[in-house]
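A.B. asks: Mind looking at a prediction? Sequence and model below.
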Number of protein chains: 2
Amino acid sequence: MYLAQIHVTYKPSILDPQGVAIKDAMHRLDFDTVTDVTQGKYFEVTLSADSAADAEAEIEAICDRLLANPNMETYRYDVKELANQ
Amino acid sequence: MYLAQIHVTYKPSILDPQGVAIKDAMHRLDFDTVTDVTQGKYFEVTLSADSAADAEAEIEAICDRLLANPNMETYRYDVKELANQ
């Protein structure tokens, strides 16, 4: 079994209104030292695979087809083998 | 300047309907090797601080007061100093 930790974030060129709204909220709470905020999605996916390479290929296909919008988002992932439970 | 990478996820005891829905969607796309999916929020916060310890204290206060719902969510963060740009 493998565990994939996936981060999906906006591409740098894309405006992140959510991040701007959160930064404004922080300033209203007097967290004035904050200069920038971006928000993304974080997934943990557990899957079975014959090898780490197979697991990574599956995760890449899952990101491309489901988790990330290729027009606006980019993703990165780490895959590690889980100890047999 | 410091960059904080923050993960906010559901506590293990909390049902994650979003994660269940995403897993079902993966199965409909024939990603049958997936056995579990959890979704959380990921933030990158840039802030100025006199020291790493000060930056961490500020981030902890931001998580407690704004980014994480203490009843349902838990958070973890990494803080690193940014090279002077």
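C.D. replies: In hand now; what should we look at?
A.B. asks: going forward, measure contacts and count neighbours with C-alpha atoms only.
C.D. replies: Fine.
A.B. asks: A:R76 contacts A:I6, correct?
C.D. replies: Yes. Between A:R76 and A:I6 a contact is recorded at 5.8 Å, counting by C-alpha atoms under 8 Å.
A.B. asks: neighbour count winner among the two?
C.D. replies: A:I6 (21 against 12; other C-alpha atoms under 10 Å in any protein chain shown).
A.B. asks: residues contacting A:Y2?
C.D. replies: By C-alpha atoms under 8 Å, 6 or more residues apart in numbering or on different chains, the contact list for A:Y2 reads A:T46, A:L47, A:S48, A:A49, A:A52, A:A55, A:V79, A:K80, A:E81, A:L82.
A.B. asks: Switch those residues over to JSON lines; also include neighbour count.
C.D. replies: Listed next are those as JSON lines, based on neighbours: other C-alpha atoms under 10 Å in any protein chain shown:
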{"residue": "A:T46", "neighbour count": "24"}
{"residue": "A:L47", "neighbour count": "21"}
{"residue": "A:S48", "neighbour count": "18"}
{"residue": "A:A49", "neighbour count": "17"}
{"residue": "A:A52", "neighbour count": "16"}
{"residue": "A:A55", "neighbour count": "24"}
{"residue": "A:V79", "neighbour count": "18"}
{"residue": "A:K80", "neighbour count": "14"}
{"residue": "A:E81", "neighbour count": "16"}
{"residue": "A:L82", "neighbour count": "13"}
